[in-house]
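Undergrad: below: sequence and its predicted model.
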Amino acid sequence: MRILKLLSKFFFFNIFYTFLLCQNVSSNEPVDIWTINNNSIEQNEEIKDKVNKDEENFIEFQSLEKNILNSVKLEDNLKNKEKTYLVGIFDPADNDLSLNMWELTDGKKISKIIKKINNLNLSDDAKDLYNKLLLTNALPPKNNFSEDEFINLKISWLIKNNDIDLIYEFLISNNKKVNHELLQYYVDQNLSKNNLNKSCEIFSKIKSIKLNNYLLKFKIYCLIYKDQKEIAQMQYDLLKESGFKNKFFEQRFNYLMGYEEKINVDISEKNILNFHLSHKTNPDFTFIPSESTNQLIWHYLQNNNLLQKLDEIDIEDDQKVISIEKETHNGNYLEKDLLGLYTRYKFSINQLISIEDTYKLLPENKSRALLYQGYLISKDVPSKIKLLKILKESFKKSEINNALNVELVDMLESLKEDEIPNEYLEFYNYYLAEKINENKKIKLNNKIIHQSKLINYFQDNMDIGQAEKEINKMLKKIKKKQKYYFSTKDIIIIESLISDGAKIDHKNQEYLELDKANIPTDIQVMINDGEVAMILLRLVEIIGEDNLKDLGTESLYFILTTLNKLGIDKIRNEMIIKTIPLKA
């Protein structure tokens with residue numbers, strides 16, 4: 001795809017310069033030297049400028065031609081054996097990366113940093129960068145990292161990240177190289193979400209993988225589900241001829257095919273397919289999960305509306321309520337339903353009057369119910385937010401923090417910000433920050449460089465020539481006033497423009513302090529050595545559990561400077577838009 005784009009540009013420039021050449025030839029007519037007037041000097045200057053520009057454009061044309069030929073040569077020289085190593089979703093050009101970005105790094109270094117990354121609960125921004133790196137088609141490292149290790153690195157991340165859409169794309173793009181593990185994960189996850197159609201659809205799109213017995217059973221069930229029973233019978237006969245024996249599946253197969261009217265109604269939790277078949281072949285199916293029940297089965301119960309209704313729960317059974325809280329944390333019950341359960345508790349007047357003392361004496365589930373009821377009956381904002389903070393901390397202490405996220409934001413939004421005591425503003429802003437940022441648009445302020453319309457350049461709404469004129473115009477105005485303070489964010493914008501080819505007038509450079517980013521020594525060494533993938537792994541580790549907006553400006557400065565040095569402009573631009581401009 002990238003080569004096609006380059007070729008189209010190549011042919012355009014070829015035609016364009018042929019046209020220019022014709023123009024130059026036709027303009028070389030005889031001139032009467034006696035008609036030269038006082039404007040001849042200016043005309044000569046114009047001609048000189050035109051020639052210089054033509055030379056610059058021709059150099060760019062030659063460079064483009066060279067890049068195209070190199071790209072075509074690379075494609076031609078990419079051996080068939082090497083092509084088998086390319087496993088991913090994204091084209092390298094999509095994010096300014098390259099096919100050989102892993103090759104120069106020793107596999108032992110990669111394995112070491114991958115272990116560190118796997119121990120982190122990566123933020124959304126870190127995940128985004130990691131996805132772009134791991135899922136870009138590229139050749140594996142040359143030393144101490146096999147092709148299988150390279151593929152398994154990608155598969156392990158896809159499973160850990162649990163992005164079903166990305167997994168689907170990966171399966172479709174790489175079905176000759178994908179193992180059973182990822183395909184089984186995909187069909188199981190969809191089945192647990194009550195998306196059987198998606199689970200079955202993948203079998204018709206992936207035909208290169210030799211299926212294991214579990215996936216063959218799943219495929220046979222899909223054929224029955226799609227009313228293709230004759231094909232299902234043929235597939236099952238072939239499976240049995242291979243020596244397959246499974247009494248549970250055979251009984252369910254015969255029942256679904258209409259060969260038997262009654263079967264054993266025992267419920268199998270061995271895997272999600274068995275559990276699904278237990279459900280679908282038993283008209284009177286009921287199941288009460290326990291804490292040891294697999295999370296896939298919990299998800300299946302929730303998505304098929306098979307969980308016990310919370311208004312049927314005995315609230316005096318503390319362990320049962322605590323298990324409900326844990327499964328709310330795991331996403332198997334809705335937060336609003338858990339809060340509804342809390343309202344069923346009956347507390348005395350004295351307990352409600354002295355909540356801050358009483359809740360400490362109660363079991364954890366009842367203490368949370370008391371705190372929530374206290375929030376509901378409180379009339380003033382300071383009391384409400386105080387109780388919400390204690391309630392949230394209680395969930396954290398019990399390691400079920402996610403049991404109160406969405407509803408907490410809604411409750412905080414209902415409070416008037418100007419009535420919140422200063423001591424609770426940090427709590428208030430922390431949990432509302434993401435939602436507030438989602439609703440904000442970039443606010444331009446042309447008096448400040450990093451908030452000015454230069455931001456449009458990083459959104460592809462301004463070309464580099466326009467950006468160059470704009471930054472020089474701003475710097476000229478700033479120089480006259482001499483009261484402007486250049487922030488780190490301003491320097492990030494200026495250096496990024498320079499990196500992309502903008503030229504700052506010499507007079508405007510005098511009072512700029514550029515190239516001051518404190519890049520860690522190990523990253524600088526890797527920049528010098530061309531270890532692109534390893535550098536991006538380090539950036540994933542550095543961003544870690546923080547989102548970009550939460551990093552200090554100095555950290556942001558060296559990250560973006562590193563991307564400038566590597567020429568990874570598309571990822572840099574995304575990061576700039578997320579962090580640099582003011583939103584309002």
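TA: All right, it came through fine.
Undergrad: break this structure down into its domains, please.
TA: 1-21+67-72, 310-439, 449-579 (automatic domain parsing).
Undergrad: going along the chain, name the helices of the stretch 151-300 of the chain.
TA: Secondary structure of the stretch 151-300 of the chain (DSSP state H, counting those that start in this stretch): helices located at 164-173, 180-192, 196-205, 213-225, 229-241, 247-257, 272-280, 295-303.
Undergrad: now the ones you listed in JSON lines, with distance to Lys109 and mean neighbour count?
TA: For every residue, glycine as well, the C-beta is placed using N, CA and C. Shown next, in JSON lines, are these (distance: least, Cβ to Cβ, whole Å; neighbours: other Cβ atoms under 10 Å):
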{"stretch": "helix 164-173", "distance to Lys109": "25", "mean neighbour count": "16"}
{"stretch": "helix 180-192", "distance to Lys109": "26", "mean neighbour count": "20"}
{"stretch": "helix 196-205", "distance to Lys109": "36", "mean neighbour count": "16"}
{"stretch": "helix 213-225", "distance to Lys109": "36", "mean neighbour count": "20"}
{"stretch": "helix 229-241", "distance to Lys109": "45", "mean neighbour count": "14"}
{"stretch": "helix 247-257", "distance to Lys109": "46", "mean neighbour count": "17"}
{"stretch": "helix 272-280", "distance to Lys109": "38", "mean neighbour count": "20"}
{"stretch": "helix 295-303", "distance to Lys109": "34", "mean neighbour count": "19"}
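Undergrad: which of these sits closest to Ala138?
TA: Closest approach to Ala138 among these (Cβ to Cβ): helix 164-173, 13.5 Å.
Undergrad: other SSEs contacting the closest one?
TA: If you count contacts as 3 or more Cβ pairs under 8 Å, 6 or more residues apart in numbering; DSSP states H and E, helix 164-173 packs onto helix 147-161, helix 180-192, helix 196-205.
Undergrad: so what touches it?
TA: Residues outside helix 164-173 that contact it (Cβ atoms under 8 Å, 6 or more residues apart in numbering): 88-89, 131, 135, 154, 158-159, 178, 182-183, 185-186, 189-190, 198, 202, 205-206.
Undergrad: center of the protein, which residue is that?
TA: Asp128 (3.1 Å; Cα atoms, centre = their mean).
Undergrad: contacting residues for it?
TA: Taking Cβ under 8 Å, 6+ apart, one finds Glu574 in contact with Asp128.
Undergrad: for it, what are phi and psi?
TA: Torsion angles at Asp128 (phi, psi; degrees, to the nearest 10) stand at phi -60, psi -50.
Undergrad: so where is the stretch 151-300 of the chain shaky, pLDDT-wise?
TA: Applying pLDDT under 70 to the stretch 151-300 of the chain flags no residue at all.
Undergrad: which stretch among the helices of the stretch 151-300 of the chain comes nearest Pro421?
TA: Judging the helices of the stretch 151-300 of the chain by Cβ to Cβ, what sits closest to Pro421 is helix 295-303, at 38.4 Å.
Undergrad: so which residues make contact with that closest one?
TA: With Cβ under 8 Å, 6+ apart, helix 295-303 has contacts from 188-189, 191-194, 269, 272, 275-276, 279, 287, 289, 306-307, 327, 330-333.
Undergrad: ok, Leu444 - contacts?
TA: Taking Cβ under 8 Å, 6+ apart, one finds 451-453, 455, 581 in contact with Leu444.
Undergrad: what's the answer for Lys489, then?
TA: Listed by Cβ under 8 Å, 6+ apart, the contact set of Lys489 reads 449-450, 553, 580.
Undergrad: can you count the residues close to Ile155?
TA: 20 (other Cβ atoms under 10 Å).
Undergrad: equivalent analysis for Gln509, please.
TA: The burial count for Gln509: 13, using other Cβ under 10 Å.
Undergrad: how near is it to Ala467?
TA: 16 Å (Cβ to Cβ, to the nearest Å).
Undergrad: same question for Ser394.
TA: 51 Å.
Undergrad: look at these two and report which has more neighbours.
TA: A count of neighbours by other Cβ under 10 Å puts Ala467 above the other of Ser394 and Ala467, at 21 against 18.
Undergrad: my read: that one touches Leu454, true?
TA: Yes: judged on Cβ atoms under 8 Å, Ala467 makes contact with Leu454 at a distance of 6.0 Å.
Undergrad: who touches both of the two?
TA: Shared contacts of Ala467 and Leu454, defined by Cβ under 8 Å, 6+ apart, comprise Leu497.
Undergrad: wait, which of the helices and strands packed on helix 164-173 is closest to Ile504?
TA: The nearest among these, by Cβ to Cβ, is helix 147-161 at 40.9 Å.
Undergrad: thinking again about what came up before, do you know which of the helices and strands packed on helix 164-173 lies nearest Lys386?
TA: Once the helices and strands packed on helix 164-173 are compared by Cβ to Cβ, helix 147-161 is nearest, at 37.2 Å.
Undergrad: quick one: low-confidence parts of the chain?
TA: 1-85, 435-441, 582-584.
Undergrad: show me what contacts Asp500?
TA: With Cβ under 8 Å, 6+ apart, Asp500 has these contacts: 464, 467, 569.
Undergrad: actually Asn131, not the one I typed
TA: 161, 163, 166.
Undergrad: got it, and Gln351?
TA: Taking Cβ under 8 Å, 6+ apart as the definition, contacts of Gln351 comprise 358, 370.
Undergrad: and it, what element?
TA: Using DSSP states H and E, Gln351 sits in helix 349-353.
Undergrad: adding neighbour count, distance to Gln295 and secondary structure, write the contacts of Leu444 out as TSV.
TA: Formatted as TSV, the contacts of Leu444 follow (neighbours: other Cβ atoms under 10 Å; distance: Cβ to Cβ, whole Å; DSSP: H, G, I helix; E, B strand; the rest coil):
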residue	neighbour count	distance to Gln295	secondary structure
Gln451	20	45	helix
Ser452	18	49	coil
Lys453	15	49	helix
Ile455	22	43	helix
Pro581	23	40	coil
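Undergrad: now, which of these sits nearest Leu415?
TA: For the contacts of Leu444, the residue nearest Leu415 by Cβ to Cβ is Pro581; the value is 28.1 Å.
Undergrad: and the closest one, how far from Asn445?
TA: 9 Å.
Undergrad: so what sits against both of the two?
TA: Listed as contacting both Pro581 and Asn445 by Cβ under 8 Å, 6+ apart are Gln451.
Undergrad: pull up the distance across stretch 556-575, start to finish.
TA: Length of stretch 556-575, first residue to last, Cα to Cα, to the nearest Å: 9 Å.
Undergrad: just stretch 289-296 next, same as before
TA: 11 Å.
Undergrad: now find how far off-centre stretch 331-341 is within its chain.
TA: Averaging C-alpha positions (Cα atoms, centre = their mean, to the nearest Å) puts stretch 331-341 28 Å from its chain's average.
Undergrad: and it, what's buried?
TA: 332-333, 335, 338-339, 341 (16 or more other Cβ atoms under 10 Å).
Undergrad: show me the contacts for Asp529.
TA: Asp529 neighbours (Cβ under 8 Å, 6+ apart): Leu104.
Undergrad: thinking again about what came up before, would you check which pair of the contacts of Lys489 lies furthest apart?
TA: Ile449 and Thr553 (13.8 Å).
Undergrad: so for the two, which sits in the more crowded spot?
TA: More crowded of Ile449 and Thr553, by other Cβ under 10 Å: Ile449, with 25 against 13.
Undergrad: test my guess that that one contacts Ile471.
TA: Yes: here Ile449 lies in contact with Ile471, judged by Cβ under 8 Å, at a distance of 7.5 Å.
Undergrad: what do those two both touch?
TA: Joint contacts of Ile449 and Ile471 (Cβ under 8 Å, 6+ apart) are 493-494.
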